[in-house]
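In: Sequence first, predicted model second:
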Amino acid sequence: MNRAERSGELESLARKNDWRFALTGNVPALAKFEFPKGEKRAVERIENLIEGADFNVFDVYWRTEYKVSDAFGPLAHKNMTAKNARQQTFILSESADLNLPKFHVYPADSGGWLDKVFRRTDSVFAGRWTVEGNGKDLLNEKVTEFYEKNENFWTFVQGKYIFIYQPDTLILPSQIEDWIKRILVLAKSFDKK
């Protein structure tokens, strides 16, 4: 599916559900987002912004800089920079009722063996999920049950923001409504009432 077709399908989805749609836009909450491995990325553009009452959906196009060193060649003393473009869809929930610590939850089998050896992580949910950061105390029965029923997505939480996504993946327009339902259930699960 090309970009124009994707935008058209997402705009139709938004119109069908009385959500606002913008081909491009700005999402200030994205400044709070952090990758679990500390990777730095600069936002190149945001496309296909859908705004609902309790959520936003948007595609982010990133630029990532990698430092490359040719340790054995004539440029061994210099760092070379290679730019790499990435894209992914985010589903974002923002709730003034939440004040959560910063943490990540992601599939336990998603990291390489070096990550598992050298990073401080806690495996939970029968080894299916990894929690990184200060969120372990928030994993109440509702949150744990939510993760047990869902698969293959990543979560970043900080303050009043909850982001869910698949790394470097544009979620299909036909799957967006399911992802919106996921984040709304997750946001309610963190509510301690």
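Out: Yep, that arrived. Residues are numbered from 1 along each chain as shown.
In: For this protein, just list every one of the strands.
Out: 20-24, 41-51, 56-69, 79-94, 100-107, 122-124, 129-133, 154-159, 161-165 (DSSP state E).
In: could I get those strands as a markdown table with mean pLDDT, distance to Pro173 and mean neighbour count?
Out: In this view, the C-beta of every residue, glycine as well, is placed from N, C-alpha and C. Output for the strands of the chain, formatted as a markdown table (pLDDT from 0 to 100; distance: least, C-beta to C-beta, whole Å; neighbours: other C-beta atoms under 10 Å):
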| stretch | mean pLDDT | distance to Pro173 | mean neighbour count |
| --- | --- | --- | --- |
| strand 20-24 | 96 | 12 | 14 |
| strand 41-51 | 91 | 9 | 17 |
| strand 56-69 | 77 | 10 | 16 |
| strand 79-94 | 75 | 10 | 16 |
| strand 100-107 | 88 | 23 | 19 |
| strand 122-124 | 44 | 32 | 14 |
| strand 129-133 | 81 | 27 | 21 |
| strand 154-159 | 91 | 20 | 21 |
| strand 161-165 | 93 | 15 | 22 |
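In: any chance of those in CSV, with distance to Glu148 too?
Out: Shown next, in CSV, are the strands of the chain (distance: least, C-beta to C-beta, whole Å):
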stretch, distance to Glu148
strand 20-24, 33
strand 41-51, 28
strand 56-69, 24
strand 79-94, 19
strand 100-107, 12
strand 122-124, 10
strand 129-133, 9
strand 154-159, 14
strand 161-165, 16
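In: and of the ones you listed, who's closest to Leu10?
Out: The closest of the strands of the chain to Leu10 is strand 41-51. By C-beta to C-beta, the value is 4.6 Å.
In: Just want the angle from that closest one to strand 20-24.
Out: On the basis of axes from the mean of the first three to the mean of the last three C-alpha atoms, to 10 degrees, strand 41-51 is oriented at 150 degrees to strand 20-24.
In: Name the strands paired with strand 41-51 and say parallel or antiparallel.
Out: strand 20-24 (antiparallel), strand 56-69 (antiparallel) (DSSP bridges).
In: can you put the ones you listed in TSV and add distance to Gln158?
Out: Converted to TSV, those look like this (distance: least, C-beta to C-beta, whole Å):
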stretch	distance to Gln158
strand 20-24	24
strand 56-69	15
